[in-house]
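Undergrad: Next comes the sequence, and after it the predicted model I'd like to discuss.
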Amino acid sequence: MCFCVFFCGLVPCIHSARGSLCEKYKLGEELGHGASGVAQVCIDRITGEELACKKITKIEHLHQDEVGILKQLYGHPNIVKLEAAFSDEKETYLVMELCRGGSLFSNGSLLSEMEAAQLCKNLMEAVKFCHSNGIIHRDISLKNILLGDNCFKLADFGLAAHFQPGEYLSDLIGTLCYMAPEVFKRRYSKEIDIWSSGVVIFAILSGNFPFHGNTFKSTIHAIEAARIDFDPEYWSNASPSVKDLIRGMLHQDPRKRLTPEQVLDHDWVVHHTSDEARSSLATINTRRYFGSKSEKNSSSFSLSQVARDLIVCAKLILGLIPN
């Protein structure tokens, strides 16, 4: 039986999932494609509110509890809100708040240290909330962080999982260049979210990943070695404090890795987060939609490099790791 989900509970539905969706919402422009589905604007037919609708083909949706997890996390200012969900035998439609700023990946622009510190603060507040609710995100990356109204929001909980203190997960899953060393040992817990967040901060400041290679195996070896290279070509103007923070977030030993609370209390985060920093996030939207070609070329990621490095580990799960 098809069904739709609202936060008042499960509501039986005699129409198809898409039919029920279109009765309540008018579908609009496409926002983009992700690893697990397509997103487009949808407008509430009664209130006129603009939202985002993410269509997920169930065969591609590795984790089936995304709706329950988003419901559990509903209301946190740094986590994208799920407003409704529709499902049938083949597809799920998630109706979520719309973040017009897009993802950090689609944005393409590097951030200043002040902006990156605000990102780090928002991200750690979201991670702290997830962990306090017994949830590991497992896929924190540039593509899963969205720019909302003057704050960053964590999105896409399709690979998220529940955990218990003292227990370990073993699924080999995530996006390769963001995966922590212990994931490849198939014994990990919530600390992997701090590692992935550290990779995000490194990448958004430099335009490069801290650990990468020309093949799956060489990338995995670089991650396991955990040797961080602050190349002067990209880091000559960076503060010593941010480098200290990144080293703490990317510690090879998860027991010695910084916690969300320690990251939030770090001097670099405290010093660089302010009302001025929050207001400066509006300029990121300006660069996203109106930035000149020369600006994008001088202060952006090499998207072909990033796209090559953003390898979802479904291939790893299948054992398709080339030499």
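TA: Looks like it arrived, so ask away.

Undergrad: Quick one: residues contacting Ile69.
TA: Residues near Ile69 by Cβ atoms under 8 Å, 6 or more residues apart in numbering: 135, 157, 160, 162. Heads up, the C-betas are built off the backbone N, CA and C, glycines and all.

Undergrad: how about those residues, which pair is most distant?
TA: The most widely separated members of these, counting by Cβ to Cβ, are Phe157 and His162 (11.2 Å).

Undergrad: Touching both of those two, which residues are there?
TA: Shared contacts of Phe157 and His162, defined by Cβ under 8 Å, 6+ apart, are found at 69, 135.

Undergrad: Which one's more surrounded, the two?
TA: Neighbours around Phe157 and His162, counted as other Cβ atoms under 10 Å, are more numerous at Phe157. The numbers are 27 against 14.

Undergrad: Which strands or helices does the lengthiest helix in the chain pack on?
TA: Using DSSP state H, we find that the single longest helix of the chain is helix 113-132. Helix 113-132 sits against strand 152-154, helix 191-206, helix 240-249, helix 260-264, helix 267-272, helix 275-280, with contacts defined as 3 or more Cβ pairs under 8 Å, 6 or more residues apart in numbering; DSSP states H and E.

Undergrad: quick one, what contacts the residue lying closest to Lys24 once chain neighbours are set aside?
TA: Leaving out its chain neighbours, the residue that sits closest to Lys24 by Cβ to Cβ, 6 or more residues apart in numbering is Arg45, at 6.2 Å. By Cβ under 8 Å, 6+ apart, the residues touching Arg45 are 23-26.

Undergrad: Poorly predicted segments of the stretch 1-150 of the chain, please.
TA: Along the stretch 1-150 of the chain, segments meeting pLDDT under 70 span 1-19, 33-37, 58-64, 107-108.

Undergrad: mind listing the strands for it?
TA: 3-6, 9-12, 25-33, 37-44, 50-57, 82-87, 91-97, 135-136, 145-147 (DSSP state E, counting those that start in this stretch).

Undergrad: quick revisit: neighbour-wise, which one of the contacts of Arg45 leads?
TA: In terms of neighbours by other Cβ under 10 Å, the contacts of Arg45 top out with Tyr25 at 23 neighbours.
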